[in-house]
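**Student:** this one's structure only:
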């Protein structure tokens, strides 16, 4: 087998792998009921990049140098793409809020249920920039849209409890925490919000 044919096989294997992962970034979201939520941020860029680079690697007759360059670039997109896939593998809700510029945004959040209601967690900065505390927002959960009013927890013990419940519920959170990519415990910058039904 020539060096050229060995290289082409390598590129094709990488191309199929990258293409499959890139497609999964978008396809995993069809597993949830209700409106499709487009990936955002690093997940969107990584997924789209892997699709383009994977397709290029499957293209015959490409220069060896550009093929190796495509593989190198694609490896940087693997981490955010795989995280995006696993983050959507378990229950995720959409909270239709507004960003700091008052533009509508679909917040994809992990959710936990406690005796006093449904809760989500995030950074205090994110909660503040989206003006979540006390707002009337639509939430998509189990394929149904309902009106909720997020209420920010004031005591840190509740924040600790909600974050612990979230890590216990979500396997990807447990794995990410074990390798240092996700906090295993709530910090002083962590916020928890109870999703109260809107009052009529």
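**Tutor:** The structure has been received and is ready for your questions. Everything numeric in this text was worked out from a predicted model, so none of it was measured.
**Student:** got a list of what the nearest residue to residue 176 once chain neighbours are set aside touches?
**Tutor:** Take residue 176 and drop its neighbours on the chain: the residue closest to it by Cβ to Cβ, 6 or more residues apart in numbering is residue 182, 3.5 Å away. Quick note: C-beta positions are derived from backbone N, CA and C, even for glycine. Residue 182 makes contact with 167, 173, 176 under the criterion Cβ atoms under 8 Å, 6 or more residues apart in numbering.
**Student:** What of residue 143?
**Tutor:** With contacts defined as Cβ under 8 Å, 6+ apart, the neighbours of residue 143 are 32-34.
**Student:** Closest one of the residues you listed to residue 186?
**Tutor:** Among those, residue 32 lies closest to residue 186 (Cβ to Cβ), at 26.0 Å.
**Student:** How far off centre is the helix or strand hosting residue 53?
**Tutor:** Secondary-structure element containing residue 53, defined by DSSP states H and E: helix 41-58. On the basis of Cα atoms, centre = their mean, to the nearest Å, the separation between the geometric centre of helix 41-58 and that of its chain is 16 Å.
**Student:** now do stretch 117-137
**Tutor:** Between the mean C-alpha point of stretch 117-137 and the mean C-alpha point of its chain there is a distance of 17 Å (Cα atoms, centre = their mean).
**Student:** wait, residue 194 sits on residue 113?
**Tutor:** No: counting by Cβ atoms under 8 Å, residue 194 does not reach residue 113; the two are 10.6 Å apart.
**Student:** Below-threshold pLDDT in the chain: ranges please.
**Tutor:** Low-confidence regions of the chain, defined here as pLDDT under 70, cover residues 1-4.
**Student:** quick one, strands of it?
**Tutor:** In chain order, the chain shows strands spanning 93-98, 104-109, 111-114, 117-123, 137-141, 144-152, 190-197, with DSSP state E as the criterion.
**Student:** Nearest to residue 55, out of the ones you listed?
**Tutor:** The closest of the strands of the chain to residue 55 is strand 104-109. By Cβ to Cβ, the value is 26.5 Å.
**Student:** Residues contacting the closest one, please?
**Tutor:** When contacts are taken as Cβ under 8 Å, 6+ apart, the neighbours of strand 104-109 outside the stretch itself are 37-38, 40, 87-88, 92-99, 120-122, 130.
**Student:** Ok, stretch 65-80 next?
**Tutor:** Outside of stretch 65-80, the residues within contact range by Cβ under 8 Å, 6+ apart are 7, 11, 14, 18, 21-22, 42-43, 45-47, 49-50, 53-54, 56-57.
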